[in-house]
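Student: Sharing a model that was predicted from the sequence below.
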Amino acid sequence: MKDTQGVTKGRRNMVNNDGAQMLAVSFLEAGVVAVPDLLIKYYHRLGLTEAEMMVLIHLLHWRQIENERFPTAEKISQYMNYNIEEIKNLIASLIEKKLLLVEPYFHPSLGRWQNVFSFTPLWTKLIQVATEDYKTFAEVQKPLNEANTRLGELYQNFEKEFGRPLSPLESEQLKSWCLEDNIPVELLQEALRRAVLRGIVNFRYIDSILKDWRRHNIRTLAEALAYDEKIKGKKNRAPRASSQQTNRQDKYRDLYRLTP
């Protein structure tokens, strides 16, 4: 009998606890203050202190939950560790920073005009800061996006010439050339082209081309092409020099040839 009573009592306690938790959750979810994510991210960029930020959150609470557009400092101070005068000073600071505005508002229910706190200056400045950040991010991201696009095209070209998908090791090697060795995409394209023309389409041969360029401090496609012209010039000059030397030797042979 005692065991049965104990089990029954335990179940009641569980029900009561569950009921209390559900009630607490319903209280928490009944009123939710919407604070813009941008405000949380950029309030320091607006020159707001933590105390001023909390005052703004309380002002949002009074507008959204209590439907009161001009709460007094006395009401706000009830929920903050600041006295009435300190709250007034914080609100005055927000107004001086041109992030908060007091303007007239006609209350339709009361049928009269009254003062309200306007967040328009805050939202305007917040959008400006966010837009500036977005532009900066876009400027930084643009070359990265272009580089990623070109890198994707490079992968496609390699796979096309190899006639198969690149292996994980080959993909890592290609990525390492681009990101770690900072080899321009167009230079890698040129190395691939030369490997294809030689009929030696493998990473070992391409790496030998890149190493040769690195030894000669070649970092761009223009430098690689200029290096080729230099090598061709040397090769073209060599036969002419040999021919001239042979002609000179023949001339001297005729000059000093003994007549019979």
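Tutor: Right, received. Where do you want to start?
Student: Please, where are all the helices along the stretch 101-250 of the chain?
Tutor: Counting by DSSP state H, counting those that start in this stretch, one finds helices in the stretch 101-250 of the chain at the ranges 120-162, 168-179, 185-198, 203-215, 221-255.
Student: just for the stretch 51-200 of the chain, where's the confidence low?
Tutor: Residue ranges of the stretch 51-200 of the chain with pLDDT under 70: 136-147.
Student: can I get the helices of the stretch 101-250 of the chain in TSV with mean neighbour count and distance to P36?
Tutor: (C-beta placed from N, C-alpha, C; glycine too.) As requested, those are arranged in TSV below (neighbours: other CB atoms under 10 Å; distance: least, CB to CB, whole Å):
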stretch	mean neighbour count	distance to P36
helix 120-162	13	7
helix 168-179	14	37
helix 185-198	17	41
helix 203-215	15	51
helix 221-255	11	48
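Student: Distance to L56 for those - can I get that in CSV?
Tutor: Below are these laid out as CSV (distance: least, CB to CB, whole Å):
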stretch, distance to L56
helix 120-162, 7
helix 168-179, 43
helix 185-198, 48
helix 203-215, 57
helix 221-255, 55
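Student: N81: which of the ones you listed is closest?
Tutor: For the helices of the stretch 101-250 of the chain, the distance to N81 is smallest for helix 120-162, at 23.0 Å, taking CB to CB.
Student: Return the list of helices and strands in contact with the closest one.
Tutor: Judged by 3 or more CB pairs under 8 Å, 6 or more residues apart in numbering; DSSP states H and E, the packing partners of helix 120-162 are helix 37-42, helix 168-179, helix 185-198.
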